[in-house]
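K.L.:
sequence and computational prediction follow.
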Amino acid sequence: MTTDAHADRPAGAYVEHHGVEALVRPEPGPTERAPVGNTALWTGVLAGPITFMLLLETNYVLEEWACRVGYWWPMHVVAAVATAIAVLSLLLAWRNWVAAGREWPTDAGGSVERARFMGALGVLTSFGFVLVMIAQWIPVMILGPCQHS
């Protein structure tokens, strides 16, 4: 019966040179390249919610001023610009998801699956925030800034 003297050693090839034994690790396999950059992925996920928060705060600040001076158009401009930014975020997230393979993410892991997940998450969150921004814009169109409860 033979025993392996190197059974408890880490994987790799052992070579001996001038009486010194050294571990030579195998070359790593090819790395998986991400189909989409991190900046594009994070922009697709976060631009919609951040734009909504900015719209909410800007309308809060503009409401009293618009009522006092009688100009409603700045509130409409802010809502239109914010909605356009959220739509662009939705389109960017869609492009990210398509570039990652246009499939729902699985639990396999890796940079492609991460890009698919973040692309799909960006599409869903951006779409939701576009709807919320439009819903928030409707009362500004119908009621105006001077009508309080």
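P.N.:
Perfect, I can see it now. Here the structure is a predicted model, which is why all the values come from computation and not from measurement.
K.L.:
now do the contacts for the nearest residue to A115 once chain neighbours are set aside.
P.N.:
Sequence neighbours aside, A100 is the residue nearest to A115 in space, at 3.8 Å (criterion: Cβ to Cβ, 6 or more residues apart in numbering). Heads up, the C-betas are built off the backbone N, CA and C, glycines and all. For A100, the contacting residues are P35, V36, V112, A115, R116, G119, by Cβ atoms under 8 Å, 6 or more residues apart in numbering.
K.L.:
now swap in V36 and tell me
P.N.:
N96, A99, A100, A115, G119.
K.L.:
about what we covered before: out of the contacts of A100, grab the one that's most surrounded.
P.N.:
Among the contacts of A100, the one with the most neighbours (other Cβ atoms under 10 Å) is G119, at 28 neighbours.
K.L.:
so what pLDDT did the closest residue to that one other than its chain neighbours get?
P.N.:
Leaving out its chain neighbours, the residue that sits closest to G119 by Cβ to Cβ, 6+ apart is W97, at 3.0 Å. Looking at W97, its pLDDT is 93.
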